[in-house]
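K.L.:
Turn this into a model:
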Amino acid sequence: MVKGGYVKPGKRPVLRVPFSPLEVILEVMALVGVLFSILFVALSWPDMPPTIPTHFGASGRADAWGGRETLFILPAIAMALVYIPMTILSRFPHLFNYPWSITEANAARQYHLARVLLAFMKAETVWLFAYIEWQTIQVALGKAEGLGAAFLPVFMGVVFGTLGIYVYKGYKER
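P.N.:
I've put the predicted structure just below:
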């Protein structure tokens, strides 16, 4: 320990903070999002044209096109770069980077809040990918014109809203 009770990241207490019901719900939501993406691609595959949207611009309209095999990219990213790493990372909250001091007195509360933040961000990101996948397929089938103009502001609002709530709660619990 050093001045002010601050514990350096390598010296923070390693606690087994039980998962809350909210964390379990968010974990299930994230897993369902990944499975939904995979299942939706599999069910839609026979109806897919050879060329599908591969990118949407800030306006929400498709602005690049490619082969239908690119439908597998978002579910693969959701699983390999979001779901699995964030699930593993959530087991080690003592290694996270916090915007305030972690002390022995506040560690359990801070670890819990940080894990809840991670679970929210994982679920939000996975469902973002699922929505993009869904809309990509809808555009490819001629049932939609894009992601919609509100997509980017709504997604950014959700993400920054989640971060804002975490910062507020984390600051109160420091």
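
K.L.:
what's next to stretch 110-126, contact-wise?
P.N.:
With contact meaning C-beta atoms under 8 Å, 6 or more residues apart in numbering, stretch 110-126 is reached by 15, 17, 19-20, 22-23, 26-27, 29-30, 33-34, 37, 78, 82-83, 86-87, 89-90, 93-94, 96, 98, 100, 102, 158-159, 162-163, 166, 169-170, 173-174. Glycine gets a C-beta too; all of them are placed from N, C-alpha and C.

K.L.:
surely V139 meets E145?
P.N.:
Yes - judged on C-beta atoms under 8 Å, V139 makes contact with E145 at a distance of 6.7 Å.

K.L.:
Those two: who's more crowded?
P.N.:
Just comparing V139 and E145: by other C-beta atoms under 10 Å the higher neighbour count belongs to V139, 19 against 12.

K.L.:
Nearest residue to that one in space, please, no chain neighbours.
P.N.:
Leaving aside its sequence neighbours, V139 sits nearest to P53 (C-beta to C-beta, 6 or more residues apart in numbering; 4.9 Å).

K.L.:
The one you found looks like it's in a strand, true?
P.N.:
Yes - read with DSSP: H, G, I helix; E, B strand; the rest coil, P53 is one of the residues of a strand.
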